[in-house]
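# My questions are about this predicted structure, shown below with the sequence.
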Amino acid sequence: MKLRTTVMPTASLFAVLLSCAATGAAHAADAAKGGDAQAARDKVSMCIGCHGIPGYKASFPELYHVPMIAGQNAKYIESALNAYKKGERSHPTMDAIAGTLSDQDIADLAAYYSNLK
Ligand code: HEC
């Protein structure tokens, strides 16, 4: 009888620890993928105006062709956005937009667009 009362709390504590470990592993998997496509759904509103329309041409500050980024490799999208942000690549609109994005935003957007067909 004494044994049962001491074993029970230990077992449930172990179950709690196990579930924490499982959640931790899920997060690690997300990070390894580079971003959370789900989280990007709130952020793409500032991109779809230009990148959402196949073959779309924007007319400011001059007429230019907007590249397709849906289905692009996530690493490519990420490095392109970082390049605009750091000034290694330059375009008036993309410089301004990338400058407002955090590393996490960039990772999330890359995950979102690379999964978009
Ligand atoms: C006002 C229009 C506009 C908006 C808004 C915009 N983009 Fe762009 N984007 C462009 C144009 C034009 C280019 C091509 C610029 C160049 O030639 O370097 C570009 C280039 C890119 C590239 C590089 C593509 C390639 O093939 O190299 C990525 C990635 C990108 N944009 C992502 C985004 C994301 C993510 C957002 C939202 C946070 C966004 N853009 C918002 C117009 C826009």
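Looks like it arrived, so ask away. Residues are numbered from 1 along each chain as shown.
# all contacts plus neighbour counts: C-alpha atoms, from now on.
Will do.
# On the pLDDT front, check the closest residue to the ligand within the chain for me.
With CA to the nearest ligand atom, the shortest gap between the chain and the ligand falls at Cys47, namely 3.3 Å. Note on Cys47: pLDDT of 91.
# Show the subsequent helix or strand relative to the helix or strand bottoming out on mean pLDDT in the chain.
Across the helices and strands of the chain, mean confidence by mean pLDDT, DSSP states H and E is lowest for helix 2-33: a mean of 46. Beyond helix 2-33 on the C-terminal side, the first helix or strand identified by DSSP states H and E is helix 37-40.
# Report the secondary structure state of the spatially closest residue to Gly87 that is not a sequence neighbour.
Distance criterion CA to CA, 6 or more residues apart in numbering; nearest residue to Gly87, sequence neighbours excluded, is Asp95 at 7.1 Å. Under DSSP: H, G, I helix; E, B strand; the rest coil, Asp95 falls in the helix class.
# Might you report the residue contacts of Asp95?
For Asp95, the contacting residues are Tyr84, Lys85, Gly87, Arg89, by CA atoms under 8 Å, 6 or more residues apart in numbering.
# Restricted to buried residues, select these in PyMOL.
Buried residues among the contacts of Asp95 (16 or more other CA atoms under 10 Å), as a PyMOL selection:
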select buried, resi 84+85
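# what's the most distant pair in the contacts of Asp95?
Lys85 and Arg89 (8.0 Å; CA to CA).
# Distance check, the residue of the chain closest to the ligand against Thr93.
Distance, Cys47 to Thr93, by CA to CA, to the nearest Å: 11 Å.
# Write out the residues of this protein neighbouring the ligand.
Proximity of the chain to the ligand, by CA under 6 Å from any ligand atom, involves residues 44, 46-47, 49-51, 64-67, 69, 77, 80-81, 90-91, 93-94, 97, 109.
# What about these, which are in helices?
Of the residues of the chain next to the ligand, the ones assigned to helices by DSSP state H are Gly49, Cys50, His51, Ile77, Ala80, Leu81, Thr93, Met94, Ile97, Leu109.
# Buried only: go through those residues for me.
Cys50, His51, Ile77, Ala80, Leu81, Met94, Leu109.
# Sounds good, over and out.
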